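A.B. asks: show me the folded form of this:
(chains A, B and C)
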Amino acid sequence: MTTPTAIPAGKAVPPPRPSRLWVRAGWTAVLLVVLAAFWRVNIDWSQLSDFVPSLFHYLRLMFCPPAWSQTSAAFSATILSVQMAWIGSILGILISFPLSFLAARNVVPVWVRLPVRLVLAILRAVPEVVIAILILSVTGLTAWTGALALGIGSIGTLGKWGYESFESVSGGPLEAARATGGSRLAVIRWGLWPQAQPEVLAFWLYRFEISVRSSAILGLIGAGGIGKMLSDNTQYQNWNVVGILLIVVVVVTMIIDQISAVLRQRLITGRWALVGYGARRKALTPTGLA
Amino acid sequence: MTDRRPGTAGDPQIVFDGVGVTYPNGYRGLSDISLTIPAGQMVGVVGLSGAGKSTFVRTINGLVTATEGSLTVNGRDVTTARGKQLRAVRSDIGMVFQGFNLTGRTTVLNNVLMGRLYSAPWWRTLLGAWKSDDVELAMDALTRVEIVQKAYTRASELSGGQQQRVGIARALAQQPSIILADEPVASLDPPTSHVVMEHLRRINGELGVTVITNLHFLDLARKYSDRLLGLRGGHVVFDGTGADADETVFESIYGRSLTGEDVLDATPNLETS
Amino acid sequence: MSDVPAQPAQPRAARPPRPRRGATPWVIGIVLAAITVWAARGVQIDIPAIWQNFSNASGTLMQLFQPDYGFFPQTLSAIEETLMMAVIATAIGSLGSVPLAFLASRATNPSRALLAAIRFLNNVIRAVPDLLYAAVFVAVVGTGALSGVLALFFFNIGILVKLVSESLDGLDRGPQEAALAAGGTWFAADRVSMLPSVAPSFASQVLYTFEVNIRASTVIGLVGAGGLGVLIDNVRTFYHYHYLSLIILEILVLVLVVETASSMLRKQLAR
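C.D. replies: Alright, predicted model coming up:
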């Protein structure tokens, strides 16, 4: 029989403080990198003292008042950007859709999957603007070039979201489809696709939202649309036109985001509802995004 | 329903001859199984989890490939069948799963139509453009399990017992001569379990379909089987009728004496669905 | 034994009516087709142009497969600038986003009016793409890394405030309630309860933002904001595709390395 050990009287002995050496080393390294960057970078930080006043100066030039007379021109330029984004998304969907099946673990063997995934990874890593610059040499400075660039650029992300949602389906219905004697195609169509369909459609819409933002950028290198109008006007310092352009871009982008969020909500949850901004909308975005 | 191929009752339908299964990781799932299941029999398979029940039923439709011996179903060799041949064997065997394995996001009818995947041409399955005959078969199957009113409901909106009846309807829509049921009631409460087992027994009795059911509970297996197979460690340790299965037999299957956990309930209640 | 009829094949009348989906799928299809036709006319889709110009362009495009590695030393300072812009912008962006994120979450900001205002402001900030910020800031402070850092800063605020406030929304609010019950102010309660809880996902989101910054900082130079983009703009003006090819290769390596490292770290954080 054991007797309880007597508790020693006197000062309580705290457990040793856990060693946080690695955490501290990590933070020190991060700090050093940041400090080095500040020290090395070719920036005259004293310029920042002028920045706030000059920002207000330019904001006043842009928005007090904006060139309302240019509203319809700005609007039609933005519409062209949206059209580029739409065509780009359609192209991206058409190409990425088969690819995402060819990259899914539960559809194809590893020797098919790996090369497809490599291509998707490369397409994700190259910025759309760079893709556009490359395509420029083929199709010239047109909105069509922009649409093509957006299409190619969206293949990478769409393909990845696609195969990730295919891989996350439950295996039960796949087994059931196999057990009925269904072919590989039948198993994909009736075991896999009905499970993944709502997410995949929602991701298409989400990618369109991203493409709307990117399409404004492509104009800056000459592919037409709002970006082109913006770079022309900043060049000639027509600040009040820049102001109206920014207003139109922001308004149109926010409207499209909201419509898309409502549609995605309908697709995934089956309900119509206004989607605010917060946890509920987060549930509608692909997992790869943080 | 026409065009059913149950075979003449009593004819040997499923023939195991020295069948063994070794999984790629070296795990021995089944060893040296030799037995014959005649057409129209209602077979209950019992044993502890890991005893090989699930492997046993899955070798019959080739979801698990037998690595030794030979297995014939309706005169066709399952062990060597591949591709189209294997799918032909499977189309004659319906399967009911423990987790129902329905696609919750689509309608009950679409789930049942999956039973027609083998016989419909590929473009019809791709487009979902089912022939009215196929829809008719699916509706008939749903009627048999008394859930046709839910045909256009999303499968996820049904209760567990209702989902399992849809699972049975999906198997029936194949017009199979055999139905395999892998722990069909393990996810259900006792009253619902009896309803599901009743449906399986009625299908066996009325349509002459051979039904092979894995069951965890001994009382259910005794009640709803013509023949009881006891598996332990991948071997068949008992093969007889429920009446033959006495206390010593249970000990040989379970390695211990019978406890309350091995039976479902004392008083079956068939009211609820 | 339940008393079910022996022959259950019932007349068809017992079946449920097929639900009328009506015209909805057709309407959706027609609307989508109409938008596509409208957009196609807008951008003037020209598929033959691709084939016609491809033979002319194939020569230049072939240069893409022959990167000129001799150009590498000249790109080093641009790579360094790209990295530094990304590091600085991530650092100041993540610091700046913390107070705004707390103000933008339902869980940490009791004032509904302020919450709505901050969220609206952040939606506006988010609606402007990175290169547009860069283009505007180049006009305001001149070309160079400063305009790039400022552009990335605003871009980061937009991303981080959204992501972090969403994480805050999803947190368990028990500890915060406890702190408020102990007599703390909202500020004190958020500081001791919500900040530590959100820290891991915040760190993960900062890493994600760094990935995004690397990608963005390689291209914002196209409008004059410093980094590799400036080089891209120079070589593309003169159609030096051997050089461009090398730069693209560098971007690929940079992005893939940073993404791999970051996703490994984020997996660690998720545990």
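A.B. asks: phi and psi next, for residue B:66.
C.D. replies: phi -70, psi 130 (degrees, to the nearest 10).
A.B. asks: what about it, how many neighbours?
C.D. replies: 25 (other CB atoms under 10 Å in any protein chain shown). Where C-beta positions appear, they are placed from N, C-alpha and C, glycine not excepted.
A.B. asks: do residue B:249 as well
C.D. replies: 17.
A.B. asks: might one say that it is in contact with residue B:222?
C.D. replies: No. Using CB atoms under 8 Å, residue B:249 makes no contact with residue B:222, being 10.9 Å away.
A.B. asks: what about the lengthiest helix in chain B and chain C, any contact?
C.D. replies: In terms of residue count, the longest helix belonging to chain B (DSSP state H) is helix B:190-207. Yes. Helix B:190-207 reaches chain C (CB under 8 Å from any CB of the partner chain) through B:195, B:198, B:202, B:206.
A.B. asks: ok, of those residues, which come out buried?
C.D. replies: Among the residues of helix B:190-207 next to chain C, those classed as buried by 16 or more other CB atoms under 10 Å in any protein chain shown are B:195, B:198, B:202.
A.B. asks: looking at the stretch 51-200 of chain C, which residue is nearest chain B?
C.D. replies: Residue of the stretch 51-200 of chain C nearest chain B, by CB to the nearest CB: residue C:170 (24.3 Å).
A.B. asks: tell me the secondary structure at the residue most central in space within chain A.
C.D. replies: Central residue of chain A (CA atoms, centre = their mean): residue A:210, 5.6 Å from the mean position. State at residue A:210, reduced to three classes by DSSP: H, G, I helix; E, B strand; the rest coil: helix.
A.B. asks: same check on residue B:94?
C.D. replies: Quick answer, by three-state DSSP: residue B:94 is strand.
A.B. asks: go ahead and confirm it touches residue B:174.
C.D. replies: Yes. Under the criterion of CB under 8 Å, residue B:94 makes contact with residue B:174 at 4.9 Å.
A.B. asks: overlap in contacts, the two.
C.D. replies: Taking CB atoms under 8 Å, 6 or more residues apart in numbering or on different chains as the criterion, residue B:94 and residue B:174 both touch A:180, B:115.
A.B. asks: neighbour-wise, which of the two wins?
C.D. replies: Neighbour count, other CB under 10 Å: between residue B:94 and residue B:174, residue B:94 has more, with 30 against 27.
A.B. asks: ok, the closest residue to the more buried one other than its chain neighbours to residue B:193 distance?
C.D. replies: Residue nearest to residue B:94 in three dimensions, not counting chain neighbours: residue B:171, with 2.7 Å by CB to CB, 6 or more residues apart in numbering or on different chains. Computed as CB to CB, to the nearest Å, the residue B:171 to residue B:193 distance reads 17 Å.
A.B. asks: cool, residue A:68 as well?
C.D. replies: Computed as CB to CB, the residue A:68 to residue B:193 distance reads 73 Å.
A.B. asks: so these two - more neighbours on which side?
C.D. replies: residue B:193 (24 against 12).
A.B. asks: could you report the pLDDT at the more buried one?
C.D. replies: On the pLDDT scale, residue B:193 is placed at 88.
A.B. asks: check contacts around residue B:153.
C.D. replies: B:107-108 are the contacts of residue B:153 under CB under 8 Å, 6+ apart.
A.B. asks: phi and psi next, for it.
C.D. replies: phi -90, psi 150.
A.B. asks: residue C:88 is in contact with residue A:34, isn't it?
C.D. replies: Yes. Between residue C:88 and residue A:34 a contact is recorded at 7.2 Å, counting by CB under 8 Å.
A.B. asks: which regions of the chain sit below the pLDDT cut-off?
C.D. replies: Here I'm looking at chain A. A:1-11, A:275-290 (pLDDT under 70).
A.B. asks: I was thinking of chain C, sorry if that wasn't clear
C.D. replies: C:1-13, C:271.
A.B. asks: mind checking which helix or strand the spatially most central residue of it is in?
C.D. replies: Nearest residue to the geometric centre of chain C (CA atoms, centre = their mean): residue C:212, 6.3 Å. Residue C:212 is part of helix C:195-217, with elements assigned from DSSP states H and E.
A.B. asks: report the buried residues of that helix.
C.D. replies: Counting neighbours by 16+ other CB under 10 Å, the buried set in helix C:195-217 is C:197-198, C:201-202, C:204-217.
A.B. asks: ok, and which of these reach chain A?
C.D. replies: Okay, of these touching chain A (CB under 8 Å from any CB), that's C:204-205, C:208, C:215-216.
A.B. asks: need the pLDDT of residue B:29.
C.D. replies: At residue B:29, pLDDT is 84.
A.B. asks: now do the SS call for it.
C.D. replies: Applying three-state DSSP: residue B:29 is strand.
A.B. asks: got the contact list for it?
C.D. replies: Taking CB under 8 Å, 6+ apart, we find residue B:29 in contact with B:21-23, B:52, B:55, B:64, B:234.
A.B. asks: okay, those in a markdown table with pLDDT and neighbour count next?
C.D. replies: Formatted as a markdown table, the contacts of residue B:29 follow (pLDDT from 0 to 100; neighbours: other CB atoms under 10 Å in any protein chain shown):
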| residue | pLDDT | neighbour count |
| --- | --- | --- |
| B:21 | 88 | 22 |
| B:22 | 87 | 15 |
| B:23 | 87 | 11 |
| B:52 | 86 | 25 |
| B:55 | 90 | 21 |
| B:64 | 87 | 17 |
| B:234 | 84 | 21 |
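A.B. asks: among these, which one sits closest to chain C?
C.D. replies: Among these, and counting by CB to the nearest CB, the member closest to chain C is residue B:23, at 30.1 Å.
A.B. asks: centre of the chain to stretch C:223-236, how far?
C.D. replies: The gap between the average C-alpha position of stretch C:223-236 and the chain average comes to 22 Å, counting by CA atoms, centre = their mean, to the nearest Å.
A.B. asks: meant to ask about stretch B:123-140, not that
C.D. replies: 23 Å.
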